[in-house]
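Trainee: sequence below, structure please.
(one chain, ligands or ions: 1)
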Amino acid sequence: MSTILALPPVARRVVELREQVKAWRNAGLKVALVPTMGALHEGHLTLVRAALEYADKVVVSIFVNPTQFGPTEDFDAYPRTLDADRANLATAGAALVYAPTVAEMYPDGFATAITVSGVSEGLCGDLRPGHFSGVATVVTKFLVQAMPDVAAFGEKDYQQLQVIRRLVRDLDIPVTILGVPTVREADGLARSSRNAYLSAESRKVAPALYRTLQDTAAAIRAGAAVDTALEAGKRAILAAGFASVDYLELRAADGLAPLSDLDRPARILVAAYLGKTRLIDNIAV
Ligand code: PAF
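Mentor: Got it, this is the predicted structure:
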């Protein structure tokens, strides 16, 4: 006999979210938050499972945040799949979906923005002006609204994770930020909602991004000059069939300072266009 899992309820208003979180707290339960923009895949469900190791109840926010999209980006086209998302979240054990409207998050007259300097600059920060301020503002709001004990974010968006760690430290927000390793397809492609945009042909090319990260990391670990290894990596990505490379860089794992030598724990980060789809990924070195 198959078991039908109850779908997690949906809170649309911040007051509903707060009432539920307060009830859990009064019952002595720990609460985690997993912020998402929906179109959930295995990567998001892994965040929920990871959060459940630290908390009794997991709230998943689903909100396609307009302030983190540039004017020519895919805000309107971004997939919105609430029913399927709830069904997936039921299997992962989420207790509540928080899916506020844009008006609930940004009421008329909303005039505040959080800007995190340093870690927001360079990499995606230069190529997507305003993106990290949009992310920092919405994540700060979610943390203040839910007041979770723990909040989980994927390492796939490594620069975003660094921005969030910085703002939580700087603003003394009492939450533990959990960075969860990237979930990959069998061929190495990092799971992402935007993979849905790839044509069948592009999908075959896409794993070259992770392969190049691995090869570049191996070359640097073996003592290759960082610049030479990164240039070779860019050439390999283009040769595989990518249209352009936004960046392929070696950065400090903590704080993202640019590195020209491997003199501390580091990360290689990449962003490249495959057709019209921009893919990002990163790897520890
Ligand atoms: O990573 C995402 O899905 C988004 O940037 C986040 C953290 C949910 C903020 O909108």
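Trainee: what's around the closest residue to Asp170 other than its chain neighbours, how many residues?
Mentor: Of all residues not flanking Asp170 in the chain, Val116 sits nearest, at 7.4 Å (Cβ to Cβ, 6 or more residues apart in numbering). All C-beta spots, glycine's among them, are computed from the backbone N, C-alpha and C. Applying other Cβ atoms under 10 Å, we find 21 residues neighbouring Val116.
Trainee: assess the claim that Val116 and Thr137 are in contact.
Mentor: No. Contact criterion Cβ atoms under 8 Å: Val116 and Thr137 do not qualify, at 10.0 Å.
Trainee: what pairs with the host helix or strand of Tyr273, and is each one parallel or antiparallel?
Mentor: Element membership for Tyr273 (DSSP states H and E) is strand 266-274. If you go by DSSP bridges, strand 266-274 pairs up with strand 244-252 (antiparallel), strand 277-284 (antiparallel).
Trainee: need the three-state assignment for Leu161.
Mentor: Three-state call for Leu161 (DSSP: H, G, I helix; E, B strand; the rest coil): helix.
Trainee: hmm, Phe153 and it touching each other?
Mentor: Yes. Between Leu161 and Phe153 there is a contact at 5.0 Å, judged by Cβ under 8 Å.
Trainee: looking at those two now, which is surrounded by more residues?
Mentor: Counted by other Cβ under 10 Å, Leu161 and Phe153 do not tie: Phe153 has more neighbours, with 22 against 19.
Trainee: can you pull the pLDDT of that one?
Mentor: Phe153 is assigned 98 on the pLDDT scale.
Trainee: show me what the helix or strand where it lies packs onto, helices and strands only.
Mentor: Element membership for Phe153, per DSSP H and E: strand 150-154. The helices and strands touching strand 150-154, judged by 3 or more Cβ pairs under 8 Å, 6 or more residues apart in numbering; DSSP states H and E, are strand 31-36, helix 42-52, helix 131-146, helix 158-170, strand 176-180.
Trainee: interface residues of the protein facing the ligand?
Mentor: Pro35, Thr36, Met37, Asn65, Gln68, Val135, Val138, Val139, Asp157, Gln160 (Cβ under 6 Å from any ligand atom).
Trainee: give me the neighbour count for the fourth one.
Mentor: Number of residues near Asn65 (other Cβ under 10 Å) recorded here: 21.
Trainee: try the fifth one
Mentor: The tally of other residues near Gln68 (other Cβ under 10 Å) stands at 21.
Trainee: now do the contacts for it.
Mentor: For Gln68, the contacting residues are Gly130, His131, Phe132, Gly134, Val135, Val138, by Cβ atoms under 8 Å, 6 or more residues apart in numbering.
Trainee: once you drop chain neighbours, what's closest to it?
Mentor: Per Cβ to Cβ, 6+ apart, closest to Gln68 is Gly134, 3.1 Å.
Trainee: repeat that for the last one.
Mentor: What sits nearest to Gln160 in space, not counting adjacent residues and going by Cβ to Cβ, 6+ apart, is Val135, at 5.7 Å.
Trainee: so how far is Phe153 from the one you found?
Mentor: Noted for Val135: a distance of 10 Å to Phe153, by Cβ to Cβ, to the nearest Å.
Trainee: now do the shared contacts for these two.
Mentor: Overlap of the contact sets of Val135 and Phe153 (by Cβ under 8 Å, 6+ apart) consists of Gln160, Ile164.
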